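Peer 1: next come a sequence and a model predicted from it.
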Amino acid sequence: MAKKIKDDKGNVYIQKKPFYKRVWFWILAIIVVFVVGGALGGGSKNDSKSNNSTSTSSSSKDKVISKDTELRNKFDAIKVGDLMNSGNGGSTFDEVKASLGSPNSTSTTDLQGVSVKTDTWSKNGVTILIQFENDKVVSKDITGFKFKKRDEKLTLAEFNQIQNGVSYDEMVSKFGEPDSLNEMVISGETTLTAIWLTGIKGGLGANVTLQFTNGQLTSKMQSELE
């Protein structure tokens, strides 16, 4: 709540609460930590597998694929609600549990009366991380998943032509669905972080990360594209 301050001349000023003391700021910080941690964790597993491989050809990276297409479809079906609106619009915990089963691990963080629960499901190297507020999904993340080998449409030349503002649907139509995906909704704003590991031209470790806000591209990164 804003605080009123009166100076020596009787003037009244409104002192607003610093952004770093607001609930939404710290909840967002926690979500970012979990998302980054999950992505790095998934990357570490993939790097470990790559180091044990005797082949370094670009085609070999696509031989390590996920057979859990059903698991991916279940992930895609999970709806994400608005964190700042008690998760309204998101799938419930019971709905997620009915689809994915019981989580492998659970942790809960309480911040100024707001409880955010993080559940993790792991299967065959694929990790799904779901966060709940008021028992409704407010963010979802999948790492470790790879689609089957597909045409290498996303090259360095194609990447350089991608402009901010292009739609997520257009990118999926052109290059296929991303292998890893994170989605969250905060105050009506949907953020998607999509990572392509297959269908791209490059050596081992090549990847493309595109971030979208309300379906429009806002940033892009790539590593080892050719």
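Peer 2: Noted; the coordinates are in hand.

Peer 1: can you tell me the strand partners of the host helix or strand of residue 109 and which way each runs?
Peer 2: Taking DSSP states H and E as the criterion, residue 109 maps to strand 105-111. With DSSP bridges as the test, strand 105-111 is paired with strand 114-123 (antiparallel).

Peer 1: how about the CA coordinates for the strand it pairs with, as PDB?
Peer 2: C-alpha atoms of strand 114-123 as PDB (Å, rounded to 0.1, in the frame of the first residue of the first chain):
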ATOM      1  CA  VAL A 114       1.300 -16.000  -2.100                       C
ATOM      2  CA  SER A 115       2.100 -19.700  -2.400                       C
ATOM      3  CA  VAL A 116       3.700 -21.100  -5.500                       C
ATOM      4  CA  LYS A 117       4.100 -24.800  -5.800                       C
ATOM      5  CA  THR A 118       6.500 -26.400  -8.300                       C
ATOM      6  CA  ASP A 119       5.900 -30.000  -9.400                       C
ATOM      7  CA  THR A 120       8.400 -32.000 -11.500                       C
ATOM      8  CA  TRP A 121       7.800 -35.000 -13.700                       C
ATOM      9  CA  SER A 122      10.700 -36.900 -15.200                       C
ATOM     10  CA  LYS A 123      10.600 -39.800 -17.800                       C
END
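
Peer 1: buried residues in it?
Peer 2: Buried residues in strand 114-123, counted by 16 or more other CB atoms under 10 Å: 114, 116-121. Just so you know, the C-beta spots here come from the backbone N, C-alpha and C atoms, and that holds for glycine as well.

Peer 1: could you do stretch 195-215 as well?
Peer 2: Here stretch 195-215 shows 195-202, 204, 206-212 as buried, counting by 16+ other CB under 10 Å.

Peer 1: next SSE after the strand or helix carrying residue 207?
Peer 2: Residue 207 belongs to strand 202-213 when elements are defined using DSSP H and E. Later in the chain than strand 202-213, the nearest helix or strand by DSSP H and E is strand 216-225.

Peer 1: residues making contact with that following strand?
Peer 2: 154-156, 159, 162-168, 171, 200-212 (CB atoms under 8 Å, 6 or more residues apart in numbering).

Peer 1: keeping just the C-alphas, turn it into PDB.
Peer 2: C-alpha atoms of strand 216-225 as PDB (Å, rounded to 0.1, in the frame of the first residue of the first chain):
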ATOM      1  CA  GLN A 216       5.000 -11.900 -31.300                       C
ATOM      2  CA  LEU A 217       8.800 -12.400 -31.400                       C
ATOM      3  CA  THR A 218      10.700 -10.100 -29.100                       C
ATOM      4  CA  SER A 219      14.200 -11.700 -29.000                       C
ATOM      5  CA  LYS A 220      16.300 -14.400 -30.700                       C
ATOM      6  CA  MET A 221      19.500 -16.200 -30.000                       C
ATOM      7  CA  GLN A 222      21.400 -19.000 -31.700                       C
ATOM      8  CA  SER A 223      24.500 -21.100 -31.100                       C
ATOM      9  CA  GLU A 224      26.600 -23.100 -33.600                       C
ATOM     10  CA  LEU A 225      24.200 -22.600 -36.600                       C
END
